[in-house]
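1. Dropping a prediction and its sequence here:
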Amino acid sequence: MFGTFKREIASNVHKDIGSASKTTAKHVDKALGIEQDITRRDFLNATLLASGGMLLNSISPAQLLAQQTADAKNPTDDWTGYGGVGDYTNSNGNTAAVFEAGHQIRDGAFESFPAAVIDTGETYDCVVVGGGISGLAAALIFHRQAGQGKTCLVLDNHPIFGGEAKRNEFLVDGHRLVAHQGSALFQVNYPHSFIERFYDSIGLKTPRLEYQKWAGPHPEVPLTTTPYLGSAPYGWFFGAKFGQPQGLWLTDPWGKRLEGAPIPTKTRDELLKTQSSVRPDVKAPEYRGDAISRRLDTMTLEDHLMEKYGISRETVREFIGLDEGGGFGLGADALSGYTGYAFNGFGGLADDEGQMFPDGNSGIARLIVKTMIPDAIPGEQSLENICRNNVNFAALDRAGAPARIRLNSTAVWVKHDGDPAKSESVTVAYTRAGKAYRVKARSVVMAGGSWTTKHIVRDLPDDRKEAYSQFYRSPCMLANVAVRNWRFLYKMGISGCQWFEGIGSYIQLRKLALCGAESPTIGPDSPVVLTIKVLYSRPGHTAEEQGHLGRAEMISTPFREYERQIRQQLSDMFIRSGFDAKRDIAGIILNRWGHAYASPAPGFYFGKDGKPAPGELLRSAPFCRIAFANVDLSGMPDHKSSIIEGGRAVGQLLDDAFNA
């Protein structure tokens, strides 16, 4: 199966070297530093330096040596690429192995119950399918509320828990660098809200984190606490697409009112409209479900932006559509107009800046696991230990423990035993290391994605199947690029930038929370990780079509081709400020998420054609002993939604299935 997957990649990839000869292409690759074997270089350099005691004590020399030996025996495949070091070294996004296991389900390999299934003999009060934040929250809430003696098993198809809330770790010239793979920031909420009480219960009692301070002789350039463009100084880059083959920078674009931007006057005027007040006749919803929000759900976000600002479709698609819709994985053309307001009243305190662990919401996933299984991460329940100490994988799935997490286990079959209405148990089958296993459950929480749940639950009623057919997911690739310094940005007086051609669309350097940062200070000579988010928007196609097209591109492109594109992109933008890809890039990790974002199309939030909204139908009640969680259902791709949905699903099961 794996060989087939790799051959499919090789047969579909299109390498963009134009009409250049092989000799010229090889010369370009050498200049970009591709020949240095990026998948190993930063690890090997750091290993040599580690012998001098330059690493944090969370990764010992013995662990490094063991990992180096394992890496030599099991080289990374040419699609997944390098995975970094530490707990997540074999789990950078959806690896080739994860994709293949999922595609077996999609392709009907388990339409019949596995013939050679191994019965583990285990019965659990609750089995949670999916070890992302929603599934972990569901397991913890069940563990707390179901009563003493009740048991729970989490099945997760990755080598480590967290879903998209995972981290990457680099070792660069003796320095440990940490970055997020997907789910990133959180916000401080009102003290007595459900989310704030949940944070407090897992040890996040001081959600306003402390961050690195500026250091060194250089004047300070402001940094944000998140990887998103915001108040810190940034610039726009225009390249060949805009008639600027040598590249043109416009720093502080809004402050300069776009003067000097190589765009038509009409476009400039329309963009400036988006920074001023909206048209007075366009009103925002007052609450979810009011007449305004229901009208917005009948149109696309693109049409709403045109109406809101009085601008053209071309300007939306060229410059702001991906900004406005990027939190849902696509441009504004395919999304419900209500996505522009879906988070209203759901975020943190209005005057509080977004908070972020050095590893994104991996920190929250780790806090949940540590709370549920205290031995899972050594030390006390502190933010420092959570971020710095390694996971004790042996503690996750201990026989006899009330709460267990079973990794590398892909659920393929979930079905009530007998008539669902009268059933007292559910059979759950999963694959692991090429074999199929079976456990019994008194209840099940389906906390995996909508794209798998609709296939896995074998007795799913027609109304739920119809609801799941309206869920569209779009892919995303998060590329983490470790650089030895960021002088090339500092020389320009910026800490972030945006561009409108090539791979990705923005980067923003951030200061790290001290609970997991190696250094308490940061300056232009500090090694850092730059995160490039790659979305696969295809304006003019439906949300469903864009998801398929984007996944096809992402799956058919090997690591080395993406590496080439990233190095070329950064070189095009920064070579004139001193950037040298060969010298300055220390490592690249690709995190490919095939179904990263829920992408609500018009009608998703409030229904259409007289039918209820799909999420509301699935959230309204369990299907007998099976309840549905996951962030998909709310149409708000945020970890808070994940926690809320997991808690709701468990509450429904405790109310219904356990009283049946």
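-> Nice, thanks for sending it over.
2. Pass me the low-pLDDT residue ranges in the chain, would you?
-> Scanning the chain for pLDDT under 70 picks out the ranges 1-25, 27, 35-76, 345-352, 657, 659-660.
3. Who are the contact partners of the most centrally placed residue in it?
-> For the chain, Gly182 is the residue whose C-alpha lies nearest the centre (C-alpha atoms, centre = their mean; 2.4 Å). Residues counted as contacts of Gly182 (C-beta atoms under 8 Å, 6 or more residues apart in numbering) are 93, 163-166, 360, 476, 478, 591, 593, 596. Using the backbone N, CA and C atoms, a C-beta is placed for each residue, glycine as well.
4. Relative to Phe623, which of those residues is nearest.
-> In terms of C-beta to C-beta, no member of the contacts of Gly182 lies closer to Phe623 than Gly163, at 22.5 Å.
5. Closest one of the contacts of Gly182 to Lys491?
-> Taking the contacts of Gly182 together and measuring to Lys491 by C-beta to C-beta, the closest member is Leu478, at 26.3 Å.
6. check contacts around the closest one.
-> Counted by C-beta under 8 Å, 6+ apart, Leu478 has contacts 93, 180-182, 531-534, 590-591, 593.
7. who does the longest strand seen in the chain touch, helix- and strand-wise?
-> If you go by DSSP state E, the chain has its longest strand at strand 585-598. Applying 3 or more C-beta pairs under 8 Å, 6 or more residues apart in numbering; DSSP states H and E, we find strand 585-598 packed against helix 38-50, strand 167-172, strand 473-483, helix 543-555, helix 559-574.
8. what angle do it and strand 473-483 make?
-> 160 degrees (axes from the mean of the first three to the mean of the last three C-alpha atoms, to 10 degrees).
9. Distance from the chain centre to stretch 210-226, please.
-> 26 Å (C-alpha atoms, centre = their mean, to the nearest Å).
10. got it, and stretch 325-334?
-> On C-alpha atoms, centre = their mean, the centre of stretch 325-334 falls 15 Å from the chain's centre.
11. which secondary structure elements does the helix or strand containing Arg619 contact?
-> For Arg619, the element it lies in under DSSP states H and E is helix 614-620. The contact analysis (3+ C-beta pairs under 8 Å, 6+ apart) places helix 614-620 against helix 462-468.
12. now the helices: where do they sit in the stretch 251-400 of the chain?
-> 265-273, 291-296, 301-309, 313-315, 321-325, 362-372, 383-388 (DSSP state H, counting those that start in this stretch).
13. Tell me which of those helices sits most buried.
-> Highest mean neighbour count among the helices of the stretch 251-400 of the chain (mean count of other C-beta atoms under 10 Å): helix 362-372, with a mean of 27.
14. That helix versus strand 167-172: what angle between them?
-> Going by the same axes, to 10 degrees, helix 362-372 makes 120 degrees with strand 167-172.
15. Just the C-alpha atoms of helix 362-372, please, in PDB.
-> Provided in PDB are the C-alpha atoms of helix 362-372 (Å, rounded to 0.1, in the frame of the first residue of the first chain):
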ATOM      1  CA  SER A 362      -0.200  21.300  21.900                       C
ATOM      2  CA  GLY A 363       0.300  22.800  25.400                       C
ATOM      3  CA  ILE A 364      -3.500  22.500  26.100                       C
ATOM      4  CA  ALA A 365      -3.600  19.000  24.800                       C
ATOM      5  CA  ARG A 366      -0.700  18.000  27.000                       C
ATOM      6  CA  LEU A 367      -2.300  19.700  30.000                       C
ATOM      7  CA  ILE A 368      -5.500  17.600  29.500                       C
ATOM      8  CA  VAL A 369      -3.600  14.400  29.200                       C
ATOM      9  CA  LYS A 370      -1.400  15.100  32.200                       C
ATOM     10  CA  THR A 371      -4.600  15.900  34.200                       C
ATOM     11  CA  MET A 372      -6.300  12.600  33.200                       C
END
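16. Please tell me how far it is from the chain's geometric centre.
-> 17 Å.
17. Are there helices or strands packed against it, and which ones?
-> helix 133-145, helix 383-388.
18. And the closest residue to Pro233 other than its chain neighbours, how far from Ile522?
-> Nearest-residue entry for Pro233: Ile494, 4.9 Å, with adjacent residues in sequence omitted and distances by C-beta to C-beta, 6 or more residues apart in numbering. Here Ile494 is placed at a distance of 15 Å from Ile522 (C-beta to C-beta, to the nearest Å).
19. quick one, what contacts the closest residue in space to Ser469 that isn't next to it in sequence?
-> Nearest non-adjacent residue to Ser469, counting by C-beta to C-beta, 6+ apart: Lys454, 7.3 Å away. Lys454 sits next to 460, 464-465, 468-469 when contact means C-beta under 8 Å, 6+ apart.
20. do Arg398 as well
-> Arg404.
21. hang on, the earlier thing: what separates the helix holding Arg619 from the chain centre, distance-wise?
-> The answer for helix 614-620 is 24 Å, by C-alpha atoms, centre = their mean.
22. Give me the helices and strands touching the helix or strand following it, please.
-> Downstream of helix 614-620, the next assigned helix or strand under DSSP H and E is strand 626-628. Applying 3+ C-beta pairs under 8 Å, 6+ apart, we find strand 626-628 packed against strand 444-446, helix 639-655.
23. Ok, which of those comes nearest Gln355?
-> Nearest of the helices and strands packed on strand 626-628 (C-beta to C-beta): helix 639-655, 11.9 Å.
24. okay, the angle between the closest one and strand 585-598?
-> 50 degrees.
25. count of neighbours near the residue nearest to Pro420 when sequence neighbours are not counted?
-> In this structure, Pro420 finds its nearest non-sequential neighbour in Cys624, 4.2 Å apart by C-beta to C-beta, 6+ apart. Per other C-beta atoms under 10 Å, the neighbour tally for Cys624 reads 21.
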